[in-house]
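*Asks:* Have a look at this fold, sequence not included:
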């Protein structure tokens, strides 16, 4: 099973890099089409809505990028 997961992750990265190479900003989604990275502000009180201003990944569409190094880091 781990081999299949690794292959899927490698394939997702390859597709993401290809899309980014065509100028399409990408960010990782889970199988349920929700952002794959949890917000770094999850559970904070009061809720924080920084939209990526903090510089940490986990802000969904606000993490989208075409930079290959950043795509590799996200995936």
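*Replies:* All right, it came through fine. Source: prediction; values computed, not measured. Residues are numbered from 1 along each chain as shown.

*Asks:* What's the mean pLDDT across the longest helix along the chain?
*Replies:* As assigned by DSSP state H, the longest helix anywhere in the chain is helix 2-21. Per-region confidence: helix 2-21 scores 85 on mean pLDDT.

*Asks:* Distance from the chain centre to that helix, please.
*Replies:* Chain-centre distance of helix 2-21: 12 Å, with C-alpha atoms, centre = their mean, to the nearest Å.

*Asks:* next one: stretch 6-24
*Replies:* With C-alpha atoms, centre = their mean, you get 11 Å for stretch 6-24.

*Asks:* Show me which residues of the longest helix of the chain are buried.
*Replies:* 13, 16-17, 20 (16 or more other C-beta atoms under 10 Å). C-betas here are computed from N, CA, C, even on glycine.

*Asks:* Excluding sequence neighbours, find me the nearest residue to residue 60.
*Replies:* Among residues not flanking residue 60 along the chain, residue 35 sits closest, at 4.0 Å (C-beta to C-beta, 6 or more residues apart in numbering).

*Asks:* OK, contacts around that neighbour?
*Replies:* The contact partners of residue 35, taken as C-beta atoms under 8 Å, 6 or more residues apart in numbering, are 27-29, 58-61, 63.

*Asks:* Export those to a markdown table and append columns for pLDDT, distance to residue 43 and secondary structure.
*Replies:* A markdown table is the format used below for the contacts of residue 35 (pLDDT from 0 to 100; distance: C-beta to C-beta, whole Å; DSSP: H, G, I helix; E, B strand; the rest coil):
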| residue | pLDDT | distance to residue 43 | secondary structure |
| --- | --- | --- | --- |
| 27 | 95 | 21 | coil |
| 28 | 94 | 21 | coil |
| 29 | 91 | 22 | strand |
| 58 | 92 | 12 | coil |
| 59 | 92 | 15 | coil |
| 60 | 91 | 17 | helix |
| 61 | 92 | 21 | helix |
| 63 | 93 | 19 | helix |
